[in-house]
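**Q** Sequence and computational prediction follow.
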Amino acid sequence: MGQPIGEAAGFVSVPVHAPIAGKVAAVGRFPHPLGGEQEAIVIEGDGTDDWHESVTARENVDSLTPEEIKNIVRDAGIVGLGGAAFPTHVKLSPPESKPIDTAILNGCECEPWLTADHRLMLEKPYEILSGFTLIMKGLGCERGIVGVEANKPDAVEAMRSAVPSGSGLKVVALQVKYPQGAEKQLISATLGRQVPSGGLPMDVGVVVQNVGTALAVYEACHLGRPLTRRVVTLTGNPLARPSNFMARIGTLVSSLVDQAGGLEGDAAKVVSGGPMMGMTQFTLDVPVIKGMSGILFLGPSEIDVKDPDPCIRCGHCVHSCPMKLLPTTIEKFVMVEQIEKAVDIGLNDCIECGSCAYVCPSRRRLVHQFKYGKYIAWERKKAAQEKSEREKREN
Amino acid sequence: MRERLIISASPHVRDDVSVEKVMYGVVIALVPALVGSIYFYGMRAAFLTLLAVVACLLTEAVIQRMRGVPVTIRDGSALVTGILIAFNLPPGVPWWIPVVGSIFGIAIGKQVFGGLGYNPLNPALVGRAFLLASWPVHMTTTWLPPNGGTLSGTALRGIDAISQATPLAVLRKASDLIADPSSTTHQLVQAREVLTDLGSADTIVNLFIGNVGGCIGETSVLLLLVGAAYLLYKHLIDWRVPGAYIVTVAVLAWVFGGPSGLLSGNALFHVLSGGLILGAFFMATDMVTSPVSPKGMIIFGVGCGVLTTVIRLIGGYPEGVSYSILLMNVATPLIDRHTRPKKFGEVKKSG
């Protein structure tokens, strides 16, 4: 357990480690939560739960240099555990032209229904803050802010009492307003800075990390353990006992369901992630992956299968959009394949939070169209690049 | 566990809203004014409203059947159009007026463009504009006194319907007399007396309650405001359109609407009379035909207010609410294009 079994293929990539002790039984293609099938390794457990000999606790954590922290984080296979699964060591290595002055720890819970971050903050506040301090050291920044939504007063309290005195860490209770846990919205809420359109948080001197990621950094630096498990929320009405699990990466979702007492009601839709942005699953035989924050089960009465009505231009989507876009107009451009015009008015700024589709009285499939439009825009851009490269070569 | 799980793009939950809820919310908001119209003009008001509603629903159903698309008359949009068409008619019009107006409004104002959501103009106002252009006598002289009545249109107190007029029509006549150099001294004195009377506290109170001549649903400001409050509370309309509209009319009427030069107009009279309150809260706010962005809504409301005041003070009609909203409906795509909100994180080009 903890032995590297898959190597990183580039800078924006991390290795994978054995989540249990045992032997590799098979390598093949298996269903993946993000759709389709992916190459995967099957490990047959040997019954023990022992760490690989390469996993050893570290004594002198305080003397680690920023460079050493980044290397440990990379070798431990740590990625953003909020959901996007972006390699953490990349986020810790901003270019020198973009100095980071503030690190924000995201304790907002990215979506309704999920309670993974909440639970973690209650159970491991000291470890999380210790990991966050290491992240700040890796970034070389002085200011650290912990943002927690105000509807979790117990988590705010737990985090506040865990702040070491004189550390300069600040825990702030934020307005409860989806999508408060979205990176750009969180930065705006805590610092009042707007990440420029098309830009990254580092453009305004900020790096945001999820509480789960901070815990993983703590475990990697202090205990020498690679990322082999994460908190997964299993929730939804059809479930007998909705629970949070500290699940090994690679655990089949179906076995987590068994742990949660199985399904009592009819589950018509299974979602990896939350209700607003999650991906629907076609089977429960998918593994827990590093970016899986939860599995949501929805009954037949909870899902919407009605056809959309025509847009009545009520403007609710416009008021709900956290990116201040015009969802209805973008949708109309995408539907008539005028992708360039859609991009002009902000298609690629859309964070796919789902707020517009949530409030739409006509039940229009706005996010669906935006995802499609982005894909077409990306394909066209790629085709144009290839064409210009080909022309360059030919000339 | 099902054999086949449902696959779809996010989000997987939705707020409990629907087009029907929006439309029936508007209907609920129109009920107080409907009750008021029956009180002031008798069962005739209810009868004409019923005719308009039935004609709207039937027209929508027939045309949707002809187009081979699902019949959606249950969504409530044609119901709203029918009520609004009736609300914009003088209570003494013959029975076929609301029927013809409804057929035209739904057929030409809405279904021709593809039905709900695609119409550039408010269908109820299209119907009214058609009626006003085609049967101007019926549409401008068949007022009834606001003292209850019978189905036949004969007022209970036996007052001749034709001799009644709306406060705005009286204002227009008096203003014309004052402006006309050939008016006799006697006429001038009378006209000034009428103006004073229109500005009196009594008139204002009657306008507010609805105890004046006018279209079926437009007279009682009080009852319309009750409905408007419900719409605002339920977030079915945005305050910006009616707010900008009414404030603009008030300011312009005060500045330019007086008989003795600038800043002598009676703003309150202009706000309370005619169809302004009905138009501002129930027709200018029609979602389909008004801008979606906050800034666009303000521009739309101000535009409606300017046009209404111009028509009332200078134009050929005593009232200009319907035409000004129709004209601003046409401008809506242009307003939307130029009032796109600033994106989150949008950087100023000039830097």
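**A** Cool, the structure landed.
**Q** To which secondary structure element is A:Leu325 assigned?
**A** Counting by DSSP states H and E, no helix or strand carries A:Leu325.
**Q** And it, how far from B:Lys342?
**A** Distance of A:Leu325 to B:Lys342, computed by Cβ to Cβ, to the nearest Å: 10 Å. Glycine gets a C-beta too; all of them are placed from N, C-alpha and C.
**Q** Compare the two and say which one has the larger neighbour count.
**A** Shown here are A:Leu325 and B:Lys342; by other Cβ atoms under 10 Å in any protein chain shown, A:Leu325 has more neighbours (23 against 11).
**Q** quick one: average confidence on stretch A:205-216?
**A** The average of the pLDDT scores along stretch A:205-216 is 94.
**Q** what residues are up against residue 223?
**A** Went with chain A since none was named. Neighbour list for A:Leu223: A:55, A:57-58 [criterion: Cβ atoms under 8 Å, 6 or more residues apart in numbering or on different chains].
**Q** ah, no, chain B please
**A** B:Leu223 makes contacts with B:32-33, B:35-36, B:210, as judged by Cβ under 8 Å, 6+ apart.
**Q** what's the answer for A:Trp113, then?
**A** By Cβ under 8 Å, 6+ apart, A:Trp113 lies in contact with A:233, A:235-236, A:274-275, A:294, A:296.
**Q** Chain B next: which of those are close?
**A** Among these, the residues lying close to chain B (Cβ under 8 Å from any Cβ of the partner chain) are A:275, A:296.
**Q** Name the SS class of B:Ala9, please.
**A** Using DSSP: H, G, I helix; E, B strand; the rest coil, the structure places B:Ala9 in coil.
**Q** Please name the nearest non-neighbouring residue to it.
**A** Closest residue to B:Ala9 apart from its sequence neighbours, by Cβ to Cβ, 6 or more residues apart in numbering or on different chains: A:His368 at 3.8 Å.
**Q** Skipping its backbone neighbours, what lies nearest B:Phe40 in space?
**A** Once flanking residues are discounted, B:Phe40 sits nearest to B:Pro146: 4.0 Å by Cβ to Cβ, 6+ apart.
**Q** wait, is that neighbour part of a strand?
**A** No - per three-state DSSP, B:Pro146 lies outside any strand segment and is coil.
**Q** could you check the distance from it over to B:Ile209?
**A** For B:Pro146, the distance to B:Ile209 (Cβ to Cβ) stands at 9 Å.
**Q** Spatially nearest residue to B:Leu262 (excluding sequence neighbours)?
**A** In space, and not counting its chain neighbours, B:Leu262 is closest to B:Val255: 5.9 Å by Cβ to Cβ, 6+ apart.
**Q** Check A:Val163 too.
**A** Of all residues not flanking A:Val163 in the chain, A:Leu169 sits nearest, at 4.9 Å (Cβ to Cβ, 6+ apart).
**Q** My guess is A:Met277 contacts B:Ala9. True?
**A** No - counting by Cβ atoms under 8 Å, A:Met277 stays clear of B:Ala9, with 9.9 Å between them.
**Q** quick one: contacts for the closest residue to A:Gly354 other than its chain neighbours?
**A** Leaving aside its chain neighbours, A:Gly354 sits nearest to B:Pro11 (3.2 Å; criterion: Cβ to Cβ, 6+ apart). B:Pro11 makes contact with A:275-277, A:354, A:357-358, A:367, according to Cβ under 8 Å, 6+ apart.
**Q** Sketch out the low-pLDDT regions of the stretch 51-200 of chain B for me.
**A** B:148-164 (pLDDT under 70).
**Q** got the residues of it near chain A?
**A** By the rule Cβ under 8 Å from any Cβ, the part of the stretch 51-200 of chain B lying against chain A is B:72, B:75, B:77, B:114-118.
**Q** same thing but at 6 Å, please
**A** Residues of the stretch 51-200 of chain B lying near chain A by Cβ under 6 Å from any Cβ of the partner chain: B:116-117.
**Q** How about the stretch 251-351 of chain B?
**A** Proximity of the stretch 251-351 of chain B to chain A (Cβ under 6 Å from any Cβ) is limited to residues B:287-288, B:292, B:341, B:343-347.
**Q** Of those, which is the nearest to B:Leu48?
**A** Nearest to B:Leu48 among these: B:Val288, at 24.8 Å, using Cβ to Cβ.
**Q** show me what contacts B:Leu198?
**A** By Cβ atoms under 6 Å, 6 or more residues apart in numbering or on different chains, the residues touching B:Leu198 are B:Leu171.
**Q** let me fix that: B:Leu89
**A** For B:Leu89, the contacting residues are B:98, B:215-216, by Cβ under 6 Å, 6+ apart.
**Q** With neighbour count and distance to B:Val226 added, can I get these in CSV?
**A** Formatted as CSV, those follow (neighbours: other Cβ atoms under 10 Å in any protein chain shown; distance: Cβ to Cβ, whole Å):
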residue, neighbour count, distance to B:Val226
B:Pro98, 29, 24
B:Cys215, 26, 18
B:Ile216, 31, 17
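**Q** which one of the residues you listed sits closest to B:Trp239?
**A** The closest of the contacts of B:Leu89 to B:Trp239 turns out to be B:Cys215 (Cβ to Cβ; 24.2 Å).
**Q** out of everything not next to it in sequence, what's closest to the closest one?
**A** Residue nearest to B:Cys215 in three dimensions, not counting chain neighbours: B:Asn88, with 5.2 Å by Cβ to Cβ, 6+ apart.
**Q** What count of nearby residues applies to that neighbour?
**A** Using other Cβ under 10 Å, B:Asn88 has 28 neighbouring residues.
**Q** right, and it touches B:Arg128 too?
**A** Yes - between B:Asn88 and B:Arg128 there is a contact under Cβ atoms under 6 Å: 4.5 Å.
**Q** ok, the residue nearest to A:Leu298 when sequence neighbours are not counted - contacts?
**A** The spatially closest residue to A:Leu298, leaving aside those adjacent along the chain, is A:Lys269, at 4.3 Å (Cβ to Cβ, 6+ apart). For A:Lys269, the contacting residues are A:280, A:298, A:303, B:6, by Cβ under 6 Å, 6+ apart.
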